[in-house]
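Engineer: Sequence first, predicted model second:
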Amino acid sequence: MKLVVFGLGFSAKAFVDFATSRFSTITATVTSQEKAARLTKDACHVVVFNDEYADAKIENALAQVDAVLISIGPDERGDPVLRRFARHIEQSKTIRWIGYLSTIGVYGDAQGGWVDETTPPTPSHARTNMRVKVEQEWLALGERAAKPVQIFRLAGIYGPGRNPILNLVQRAQRIIKPGQVFNRIHVDDIAQTLLASLAKPCAGAVYNVTDNEPAPPQDVLTYAAERMGVEPPPEIPFEKAVMSEMARSFYADNKRVSNRLIREELGVTLLYPTYREGIKALAEAGEGRALLKK
């Protein structure tokens, strides 16, 4: 089986590392030649794709690929992959699975209530409104070209090198906004969900990829501090917290996202069903300890 990955970022790289043995060749894109040279290894050939340039190897790979994963977010004009490669993907005779990585942000604010894949998107921001538009465009391509497109709406992603332990080391704020919860998912559970979907392609499917327990952000940071044996940062009321407009915008949406479909339809058993298992594993692996000792 052959794979093309558009955007070898945090989640896509975890998937490639998790599933390398399942593919005979992998072609993945990054935005610069420096990244391409650094990340190319074994069966994974990393090439450049950006607004100004697309390596010719991408077209060649799409002509004989079995699976395509899109992990590039939209820009203000839409999806760069669709702009440049929609025709090649539609015309491919070999593609039998297309996965698009989206975000649970498309649901907007549910005032702390539960949402699932049947909940209509009500995006709160221009960036998530564009996500909805691009999701629809990928699903339309799948219908038009008779190719199974799956949408994966990801919760807040954490894992090695990107997690509450490192936030703690970097003096994260323990912001308190009563009733606020966030949804999260370990990057390895994203990888295994994608692998499960590859075994069960379902045209037009939409999946929420999140763990079992939406939780207040301060609880997660407090638990990380306990695992590291340090004092958690002092509590700061949301109204007094200093943060970027982007960070503040995340607090405008409050929802609990169900993962029932990936468990029941794809048969996924989460490696890290809550933040506790994920943070415990990261702490036991030594995450952040070297920095804490400085």
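Structural biologist: Happy to help now that I have it.
Engineer: Tell me the buried residues in the top helix by length along the chain?
Structural biologist: When the chain is parsed with DSSP state H, its longest helix is helix 126-145. For helix 126-145, burial by neighbour count (16 or more other Cβ atoms under 10 Å) applies to 127-132, 134-135, 137-139, 141-142, 145. C-betas here are computed from N, CA, C, even on glycine.
Engineer: Stretch 94-109 too?
Structural biologist: Those would be 95, 97-108, for stretch 94-109 by 16+ other Cβ under 10 Å.
Engineer: Then stretch 25-43?
Structural biologist: Ile26, Thr27, Ala28, Thr29, Val30, Thr31, Ala36.
Engineer: Over to stretch 198-207?
Structural biologist: Across stretch 198-207, burial judged by 16+ other Cβ under 10 Å covers Leu198, Pro201, Ala205, Val206, Tyr207.
Engineer: Could you identify the most distant pair in the residues you listed?
Structural biologist: For the buried residues of stretch 198-207, the farthest-apart pair by Cβ to Cβ is Leu198 and Val206; their separation is 16.3 Å.
Engineer: and the closest residue to Gly105 other than its chain neighbours, what does it touch?
Structural biologist: Among residues not flanking Gly105 along the chain, Thr128 sits closest, at 4.3 Å (Cβ to Cβ, 6 or more residues apart in numbering). Taking Cβ atoms under 8 Å, 6 or more residues apart in numbering as the criterion, Thr128 is in contact with Thr103, Gly105, Val106, Gly108, Pro121.
Engineer: Compile those into CSV and extend it with columns for secondary structure and pLDDT.
Structural biologist: Formatted as CSV, the contacts of Thr128 follow (DSSP: H, G, I helix; E, B strand; the rest coil; pLDDT from 0 to 100):
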residue, secondary structure, pLDDT
Thr103, strand, 98
Gly105, helix, 96
Val106, helix, 97
Gly108, coil, 96
Pro121, coil, 96
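Engineer: circling back to that earlier point, now the two most distant members of the buried residues of stretch 94-109.
Structural biologist: Ile95 and Gly108 (31.9 Å).
Engineer: tally of neighbours for Glu226?
Structural biologist: The number of residues packed near Glu226 is 13, by other Cβ atoms under 10 Å.
Engineer: Can you name the residues in contact with the one helix or strand it maps to?
Structural biologist: Per DSSP states H and E, Glu226 falls inside helix 217-228. For helix 217-228, the surrounding residues in contact (Cβ under 8 Å, 6+ apart) are 163-165, 167-168, 172, 174-176, 180, 182, 184, 231-233, 235, 275-276, 279-280, 283, 288-289, 292.
Engineer: returning to that earlier point: dump the buried residues of stretch 25-43 into JSON lines; add pLDDT and secondary structure as well.
Structural biologist: JSON lines is the format used below for these (pLDDT from 0 to 100; DSSP: H, G, I helix; E, B strand; the rest coil):
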{"residue": "Ile26", "pLDDT": "96", "secondary structure": "strand"}
{"residue": "Thr27", "pLDDT": "97", "secondary structure": "strand"}
{"residue": "Ala28", "pLDDT": "97", "secondary structure": "strand"}
{"residue": "Thr29", "pLDDT": "97", "secondary structure": "strand"}
{"residue": "Val30", "pLDDT": "97", "secondary structure": "strand"}
{"residue": "Thr31", "pLDDT": "95", "secondary structure": "coil"}
{"residue": "Ala36", "pLDDT": "93", "secondary structure": "helix"}
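Engineer: Go through the residues you listed and say which is closest to Val4.
Structural biologist: Thr27 (4.9 Å).
Engineer: Flag the shaky bits of the stretch 151-294 of the chain, pLDDT-wise.
Structural biologist: Applying pLDDT under 70 to the stretch 151-294 of the chain flags residues 290-294.
Engineer: let's see it at 90
Structural biologist: Along the stretch 151-294 of the chain, the model assigns pLDDT under 90 to residues 164-173, 229-234, 241-250, 287-294.
Engineer: Surely Glu117 is in contact with Ile262?
Structural biologist: No. Here Glu117 lies out of contact with Ile262, judged by Cβ atoms under 8 Å, at a distance of 9.7 Å.
Engineer: Is Gln150 in a helix, a strand, or coil?
Structural biologist: strand (DSSP: H, G, I helix; E, B strand; the rest coil).
Engineer: let's have the chain start at 18 instead
Structural biologist: Happy to do that; since the first residue is 18 now, the last one works out to Gln167.
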